[in-house]
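Engineer: what's the 3D shape of this:
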Amino acid sequence: MVAYALAGTLNKDLTSEPLGQGSDGAPVYLRDIWPTSLEIAELVRTCVTPDMFAKRYGHVFEGDEKWQAMGKAKPSLTYRWNSGSTYVQNPPYFEVSRPSPARSRM
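Structural biologist: This next block holds a predicted model:
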């Protein structure tokens, strides 16, 4: 997205057309500004720490306040439909009663 913003249009093939011109007037291509794998690895090595992940994802399964306010679901073999819900309703095809299948007599 940034490269297209620098190019000023989405109608460019950024793999072969220049994004624009440098201060010296020479064309600047995406490959000229794209970081190398070594540059990325060095940034990750020096800037990304285990503490960052622990802080961000250490309590991910606890959820936010809204999630916690939902309370615990009671264990059940079937879903307990809330008839007052305006979001999830029991599909009508679950309500159709079917006659028992005929048994074959052998």
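Engineer: report the longest helix in this protein, please.
Structural biologist: Using DSSP state H, we find that the single longest helix of the chain is helix 37-47.
Engineer: with just CA atoms, put that helix into CSV.
Structural biologist: Extracted in CSV, the C-alpha atoms of helix 37-47 (Å, rounded to 0.1, in the frame of the first residue of the first chain):
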residue,chain,number,x,y,z
SER,A,37,16.0,-10.6,4.3
LEU,A,38,19.1,-9.8,6.2
GLU,A,39,17.9,-6.3,7.1
ILE,A,40,14.5,-7.7,8.3
ALA,A,41,16.2,-10.5,10.3
GLU,A,42,18.5,-7.9,12.0
LEU,A,43,15.5,-5.7,12.9
VAL,A,44,13.6,-8.7,14.3
ARG,A,45,16.7,-9.8,16.3
THR,A,46,17.3,-6.4,17.8
CYS,A,47,13.7,-5.1,18.2
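Engineer: check which helices and strands whatever helix or strand comes next after it is in contact with.
Structural biologist: Moving toward the C-terminus from helix 37-47, the next helix or strand (DSSP states H and E) is helix 50-57. Judged by 3 or more CB pairs under 8 Å, 6 or more residues apart in numbering; DSSP states H and E, helix 50-57 is in contact with no other helix or strand. Where C-beta positions appear, they are placed from N, C-alpha and C, glycine not excepted.
Engineer: contact partners of helix 50-57?
Structural biologist: Around helix 50-57, nothing counts as a contact under CB atoms under 8 Å, 6 or more residues apart in numbering.
Engineer: which parts of that helix are buried?
Structural biologist: Residues of helix 50-57 classed as buried: none (neighbour count, 16 or more other CB atoms under 10 Å).
Engineer: right, I'll call it a day here.
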